[in-house]
Each structure stands twice: as structure tokens, then as C-alpha cells.
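Q: Fold the following.
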Amino acid sequence: MQAITSKDFEHIGDDTAVTVVDFWATWCGPCKMQTPVLEKLDEEYGDRVKFASLDVDQNQELAQSLGIMSIPSLVVFKNGMPTEKVVGFHPKAALKKYIDEKLTEVSA
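A: As a prediction, this is how the structure comes out:
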């Protein structure tokens, strides 16, 4: 999973149909639980889904522009455009099912 900043953000989704960006902060307990789940999913999906993480404390303006009010928040981008937001901690099985649905939508 790639750590990104606001500068990197304009290229989100340039190289893959589905990108999941994790909005987090170092002080956030649920964020610390979500990170290993996302890292495992990143390994499993390989090139089919891109995973990135963005520290909201270091990129406040971008987080605000995307309406990030609670963390962890996962924003799903399809072809570079934000399409959905998932807020709070989610177990691996739930996120896998959700991402599989997004992949199905893209390929349909």
C-alpha cells in the first residue's frame, strides 16, 4: 500500500480502474486496526486494485475537499473519480466482498 500526499493525489486512478484510498491519522486507533487489513488485501488483489493511504493531519485541505469527517474513511475511485466512501473499521471479509462488487461493476 502506497503512502500518498495531496501532490500525488491528482494521479489517483491513472493506472488502474479501481483505487481505494485510506484516509487515516497516527492517533486513530481504528485506523491502526484497518491498515493491516488493507495491506493484506493489497497483496491479494495485486494489480487489479490499487491501495493508497493518506494522512489527514498532513493533508487537511484535501481531506476536507472530499468530505472526510470521520476516520478511518476509505474512498473508492473508479477511473480516477471518487464514487463511494466507507467510514469506520471493516473486517477483511466485508471489504473483500465490497471491492469484488466494485470490480464486477467496472468490468460490466
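Q: what residues does the helix or strand containing residue 103 touch?
A: Secondary structure from DSSP states H and E places residue 103 in helix 92-107. The list of residues contacting helix 92-107 from outside it, by CB atoms under 8 Å, 6 or more residues apart in numbering, reads 17-18, 20, 37-38, 40-41, 44-45, 48-49, 74, 76, 78-79, 84, 86, 90. Any C-beta I mention is one placed from the backbone N, CA and C, and that applies to glycine too.
Q: Can you tell me the SS state at the closest residue to residue 42 other than its chain neighbours?
A: Counting by CB to CB, 6 or more residues apart in numbering, the nearest residue to residue 42 once its immediate chain neighbours are dropped is residue 51, at 4.2 Å. Going by DSSP: H, G, I helix; E, B strand; the rest coil, the secondary structure assigned to residue 51 is strand.
Q: how deep is residue 50 tucked in, by neighbour count?
A: Applying the criterion other CB atoms under 10 Å, we find 21 residues in the vicinity of residue 50.
Q: I meant to write residue 100 there.
A: Around residue 100 sit 12 other residues, with neighbours defined as other CB under 10 Å.
Q: how close does residue 20 sit to residue 79?
A: Applying CB to CB, to the nearest Å, one obtains 14 Å for the distance of residue 20 from residue 79.
Q: Looking only at neighbour counts, state which of the two leads.
A: Higher neighbour count among residue 20 and residue 79: residue 20, with 25 against 12, using other CB under 10 Å.
Q: That one and residue 76 touch, don't they?
A: Yes. The pair residue 20 / residue 76 is scored as a contact, 5.7 Å apart, by CB atoms under 8 Å.
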